[in-house]
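>>> show me how the following folds:
(one chain, ligands or ions: 1)
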Amino acid sequence: MTDGVTLAGALSGAQRILAAAGVPNPQLEARLLASHALGITSEMVLGYPERRVDLGRKANFDAAVNRRAQREPLAHILGRREFWSLSFHVGHHTLVPRPDTETLVEAVLNWLGGHNGDLRILDLGTGSGCILLALLAELPRAWGVGVDLSMHALEIARQNAAALGLADRADFVRGDWANGLHGRFDVVISNPPYIADRDIIGLEPEVSQFEPRLALSGGPDGLTAYRAIVPHLGRLLARNGSAFLEIGAGGAADVTKLIREQGFEHIEIKDDFASIPRCVRIANTI
Ligand SMILES: C[S@@+](CC[C@H](N)C(=O)[O-])C[C@H]1O[C@@H](n2cnc3c(N)ncnc32)[C@H](O)[C@@H]1O
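The predicted structure follows:
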């Protein structure tokens, strides 16, 4: 690399811009954006501060920093997000996979307790496919279907399945929750949209302005998707099967009430790593 600024200079300028825009962790994010835009590893970004950045690459870096300063999610700019130690392609039509959602994967695996036989898994509102594909990666004899209303999200989920070598065990189909779905599944999982509509505007800009409303909006009280999904669980779950639904912070009481009203009695709640009730397991005993 010839003319241009040093890496250290480019990084400190980027950190200032990101900090002024209110981006959390500007130092770390500047490094990640530099690695992405300059096509070098994070170790090289850290290890060679005097390296010169040519003007063409600096322009790429500036463009990435400016997008982030508009509060576009880092994952959209990088095009990827790690979930369950796997790398997922994400875009404007998919929710960025959240660490909280790993609670569902853990809950399913704990419930299976090492059982590693043939399993049928249904993922309602699959988005990037992250929950289903994380489970298929852990369960080599399982097979699954991911359903989403968004064709664009399904395209991303299919790309992820192919990139992770799981495409032969994952089908992705367009659907409105479980309407029109037939068959029974040992495990039904869903991270449905559960933000009450009036609360979306108050979320951080990365979410409220850039993530798909279809992935966020839980209707007036945040429960619309649960009302659509829960009544189908009885016919979708195999004997001794279980459903695992993600719940938002503070949502456990309302969701469990709704589930009990549908006649399910065996309900368990699992907390996430921050001790927030995050996942409800519904056992099929009806
Ligand atoms: C909260 S996101 C979860 C995405 C992914 N499972 C995850 O955990 O990152 C909810 C997903 O439900 C999908 N969705 C919304 N309404 C739907 C409907 N009526 N039928 C099927 N999927 C729907 C959205 O497109 C979105 O992908």
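
>>> just the mean pLDDT for stretch 203-222, thanks.
Mean pLDDT, computed over stretch 203-222, is 97.

>>> can you pull the contacts of Met151?
By C-beta atoms under 8 Å, 6 or more residues apart in numbering, the contact set of Met151 is Arg174. In short, each C-beta sits where N, CA and C put it, glycine included.

>>> any idea of the pLDDT on it?
Confidence at Met151, expressed as pLDDT, is 98.

>>> go on, Asn60?
Value listed for Asn60 in the pLDDT field: 94.

>>> is it fair to say it lies in a helix?
Yes. Counting by DSSP: H, G, I helix; E, B strand; the rest coil, Asn60 is part of a helix.

>>> and it, how far from Ala10?
Here the distance between Asn60 and Ala10 works out to 11 Å (C-beta to C-beta, to the nearest Å).

>>> need the contact list for Thr41.
Contacts of Thr41 were listed using C-beta under 8 Å, 6+ apart, and they are Ser35.

>>> give me phi/psi at it?
Dihedral angles of Thr41 (phi, psi; degrees, to the nearest 10) stand at phi -70, psi 160.

>>> measure Pro193 to the ligand for me?
5 Å (C-beta to the nearest ligand atom, to the nearest Å).

>>> residues in contact with that residue?
By C-beta under 8 Å, 6+ apart, Pro193 lies in contact with 125, 214-218, 224-225.

>>> any chance you could map the strands in this protein?
5-6, 52-53, 80-83, 86-89, 119-124, 142-148, 170-174, 185-190, 237-246, 267-271, 277-283 (DSSP state E).

>>> what does the longest one contact?
I take that to be strand 237-246. With C-beta under 8 Å, 6+ apart as the test, strand 237-246 has contacts from 100-101, 103-104, 107-108, 111, 120, 184-192, 194, 226, 229-230, 233, 236, 255, 278-284.

>>> same thing with the third one?
Contacts of strand 80-83 from elsewhere in the structure, counted by C-beta under 8 Å, 6+ apart, are 75, 87-90, 96-97, 99, 101-102, 128, 130, 134.

>>> distance from the chain centre to that strand, please.
8 Å (C-alpha atoms, centre = their mean, to the nearest Å).

>>> what does the model give Thr2 for pLDDT?
In this model, Thr2 is scored at 48, pLDDT.

>>> just Val5 next, same as before
89.

>>> what's the neighbour count on it?
Val5: 16 surrounding residues under other C-beta atoms under 10 Å.

>>> any idea how far it is from Gly165?
Taking C-beta to C-beta, one finds Val5 at 41 Å from Gly165.
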